[in-house]
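> next one to model:
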Amino acid sequence: MRILGASIGNCVHVGGIVNFLKLAEKHGYETQFLGPATPVLRVVEEFARRPPDILALSYRLTPETGRAVLLEVAAAKSAGKFGAARLIFGGTPEVAKIASELGIFDWVVTGSESVPELEARLTGEVASMPPESYPDTLLSRIAALRPMPILRHHFGRPDLAETIEGCRRIAEARVLDVISIAPDQNAQEFFFHPEQMRPELTGAGGVPVRRPEDLRALYDASRCGNHPLLRCYSGTNDLVQWAQMLKETIRVAWGAVPLFWYSQLDGRSTRPLDVSIRENLEAVAWYVANGIPVEMNESHHWSLRNAHDAVAVASAFLAAYNAKQQGATTYVQQLMFNNPPGTSPGMDLAKMLAKLELLDSLRSRDFGIVKEVRTGLTSLPLDKDMAKGHLGSSIHTMVALKPDILHVVGYSEADFAATPEVVIESCRIARGAIRNAMLGQPDPLADPAIRARKDHLVNEARFLLATIKEEFGAMSANPWADPKSLAGAVKAGILDAPHLVGNSAARGETVTNLVNGGWDPVNPKTGDALTEAQRLKLLGID
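Predicted coordinates for the structure are as follows:
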């Protein structure tokens, strides 16, 4: 197969069409490029001299002048100058719209298409690929897109019908691999106890799903486009029942369960801390028994409450350790950046590298780790343009960790829950940032400041873990996996955060502050940074 290409009329932009021709060569096409600003007459003459199978034309200037050039192409085609060749056009969206309206091109592209989409068209795989060919499990989806991470985004509008239609539109846009359904607070807490639902919580934080059929409708609506995977919040009560329902209705791609949270610790349920830990682990065990990967969305909850970085690192290890104890074989580690506020990109990377180093000690043939990164939930500015810049910058930093999943947070988060338009636009911003970052990133560990901070946090987190074993070893043979011991570690303040002040299940006495871009415990009187040994001594734990 042979492709003849040209930038036509007065258009001198050749980057897009040259890259397209190189992609075609990769798949066995012979290509010829006539260069920039090629008159349509010259294209006709070259076509007659040696007719190609495909004629690829590009125009990226203003629509007004573009229309005149495209009308010349249309006249040549009507006169039979291009024989039976397929015609492809590439241009800006406005010019591409004109090209589509003329009806002379077999394929019109705007530059928004992903490389896999272009390759699928070039190889004919789009026409031959039935819906069931789209990877329908987490690991197969990751494998199909590697080295690009798969994209995930929360979505849940306060109206069910709007959310169903939004799922369809997002799937058809083919920009997202995983739709994370966000139910409202009433559903999360009282789905199986509707008599306890409170009117003021309807639509709060997500979509008001009230029946299993509502979830099935969301799944059915997403069976188009690129057939994204679906997942959903685990609920804050009756977690095993939630898990069973999600498997039956949306084929949940992976389960997400905290270790310490959804309890009296955060007020999202009234369960006592040790009870919630035990029930959360029962839900993890259910997912494992049903062959579903597990994420324990744990450590960033500490950082959201201004916990210092060593506590975040230690809690990440404890969550993964408990998942492995429950038999998990595929574990998703979520790494939320920009959290607590003011954390520098370098110290963010150090904290995440420290978490991953501790988790690597758990890795085995039967326990694999999937890396998921995301922009901080509370870090996005209210101004939408600043938010878009922040989103792209944050993603560019995170890609240095070579993630398997990139959890996109809609740029509108500080203002309103993402609409389908915001989800699609945010995912396109993410794809642009990823594409640029994957050209080559510096190794974070080559920065001595990042490496030193990572080593410091690993050592401090290990100290906390050893202290939990020492303090509660008499209570349990394995304090790291014992609900009462873990709850006791929070009550004692070994794991602590400033925002837990006044919480009956926690100590809440640790004071933290931003120190050189990272978050450390500080002496409440002097403001000096403390080691973990010094902090615990102030709390009476020697």
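
> only C-alpha atoms from now on, for both contacts and neighbour counts.
Will do.

> what pairs with residue 295 across the strands?
residue 256, residue 332 (DSSP bridges).

> neighbours around it, how many?
Residues lying near residue 295 (other C-alpha atoms under 10 Å) number 24.

> was I right about residue 340 contacting residue 304?
Yes. Residue 340 is within contact range of residue 304, at 5.8 Å (criterion: C-alpha atoms under 8 Å).

> between these two, tell me which one has more neighbours.
Taking other C-alpha under 10 Å, residue 340 and residue 304 do not tie; residue 340 has more neighbours (27 against 19).

> for this structure, where's the lowest mean pLDDT among helices and strands?
helix 125-128 (a mean of 55; mean pLDDT, DSSP states H and E).

> following the chain onward from that helix, which element is next?
For helix 125-128, the following helix or strand on the C-terminal side (DSSP states H and E) is helix 138-145.

> show the secondary-structure elements that whatever helix or strand residue 152 lives in is packed against.
Assigned by DSSP H and E, residue 152 belongs to strand 150-155. Of the remaining helices and strands, those touching strand 150-155 by 3 or more C-alpha pairs under 8 Å, 6 or more residues apart in numbering; DSSP states H and E are strand 178-181, strand 405-408, helix 420-437.

> can I see the domain layout of this structure?
As given by automatic domain parsing, the domain ranges for the chain are 2-128, 137-445, 465-538.

> could you dump the ones you listed to TSV with distance to residue 455?
Listed next are the domains of the chain as TSV, based on distance: least, C-alpha to C-alpha, whole Å:
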stretch	distance to residue 455
domain 2-128	38
domain 137-445	7
domain 465-538	13
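
> just say which of those domains is most tucked in.
Among the domains of the chain, domain 137-445 has the highest mean neighbour count (mean count of other C-alpha atoms under 10 Å), at a mean of 20.

> distance between it and the chain's centre?
Put simply, domain 137-445 sits 7 Å off its chain's centre (C-alpha atoms, centre = their mean, to the nearest Å).

> measure it end to end?
One end of domain 137-445 sits 32 Å from the other (C-alpha to C-alpha, to the nearest Å).

> got it, and stretch 100-116?
This stretch, stretch 100-116, spans 22 Å end to end (C-alpha to C-alpha).

> and that stretch, average pLDDT?
Stretch 100-116 carries an average pLDDT of 89.

> show me where the stretch 51-200 of the chain has helices.
63-78, 93-102, 115-123, 125-128, 138-145, 160-173, 185-190 (DSSP state H, counting those that start in this stretch).

> which other residues reach the fifth one?
With contact meaning C-alpha atoms under 8 Å, 6 or more residues apart in numbering, helix 138-145 is reached by 134, 135, 149, 150, 177, 229, 253, 254, 293, 404, 405.

> could those go into CSV alongside distance to residue 315 and pLDDT?
Shown next, in CSV, are the contacts of helix 138-145 (distance: C-alpha to C-alpha, whole Å; pLDDT from 0 to 100):
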residue, distance to residue 315, pLDDT
134, 35, 84
135, 32, 91
149, 25, 97
150, 26, 97
177, 28, 97
229, 28, 98
253, 24, 97
254, 20, 97
293, 19, 98
404, 21, 97
405, 21, 98
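
> thanks a lot, catch you later.
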